[in-house]
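>>> Quick one: sequence and predicted model below, then my questions.
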Amino acid sequence: MAKYRPNVAALVVRSDGKLLVCERIEVSGAWQFPQGGVDEGEAVEEALVREVEEEVGWEAEDYTIEKVKGGYRYDYPEEVRVKKASRKAQYVGQEQTYFLCRLRDGASEVDLTGEPREFEQAKWIDPGEFDLGWLPEFKRVVYQAVMEDFFGVNLGGESSR
């Protein structure tokens, strides 16, 4: 049976409705949400708190979780599977749980200096401004579903690239 790596992702929204996206450090123009794998024995919410702190510098008290939805899956293309480190090589893809997180007023600015550093920069966008062209093709269907489920935004099947 195909095995999917458990993963969490944070949809961080400010009080003005803007959504946080971050540009991957190793891939210019690749924007995504803070996310990461769930460690063995770790609950998904614990993984979320750890990943948000590691990647963008906020602690659990800096945001509230408003909605959780899981079961989003994508398969790695063969070229990605070959590149994955040995501990990830056992997986055919990822199964993600998304968390809608409302940033509390007064929270600090985004801090991308955590180690290992994953993002080059961050920006706040309206959810409808998310561009599928920022993603590798194999992740686009998941992002379309997530944006529809959490924000009622239909990104369509075409990117602007």
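Cool, the structure landed. Predicted, not measured: the structure shown is a model, and the values here were computed from it. Numbering: from 1, shown residues only.
>>> For the residue positioned nearest the centre of the chain, which non-adjacent residue is closest in space?
With distances taken as Cα atoms, centre = their mean, Phe33 lies nearest the centre of the chain, 3.3 Å away. Nearest residue to Phe33 in three dimensions, chain neighbours excluded: Ala9, at 4.9 Å (Cβ to Cβ, 6 or more residues apart in numbering). In short, each C-beta sits where N, CA and C put it, glycine included.
>>> That neighbour touches Leu100, doesn't it?
No - using Cβ atoms under 8 Å, Ala9 makes no contact with Leu100, being 10.2 Å away.
>>> From Ala47, how far out is the residue nearest to the centre of the chain?
14 Å (Cβ to Cβ, to the nearest Å).
>>> Could you confirm Arg140 falls within a strand?
No - if the criterion is DSSP: H, G, I helix; E, B strand; the rest coil, then Arg140 is helix and not within a strand.
>>> Pick out the least confidently modelled helix or strand of the protein, by mean pLDDT.
Between all helices and strands in the chain, the lowest mean by mean pLDDT, DSSP states H and E belongs to helix 78-83, at a mean of 66.
>>> After that helix, which helix or strand is next? Please name it.
The C-terminal neighbour of helix 78-83 among helices and strands, as given by DSSP states H and E, is strand 93-103.
>>> Alpha carbons of that next one, as CSV, please.
Extracted in CSV, the C-alpha atoms of strand 93-103 (Å, rounded to 0.1, in the frame of the first residue of the first chain):
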residue,chain,number,x,y,z
GLY,A,93,3.9,11.7,-1.4
GLN,A,94,2.5,13.8,1.4
GLU,A,95,-0.8,13.8,3.2
GLN,A,96,-1.4,17.3,4.6
THR,A,97,-3.5,18.7,7.5
TYR,A,98,-4.1,22.4,7.0
PHE,A,99,-4.7,24.8,9.9
LEU,A,100,-6.3,28.2,9.5
CYS,A,101,-4.4,30.3,12.1
ARG,A,102,-5.5,33.9,13.1
LEU,A,103,-2.5,36.0,14.0
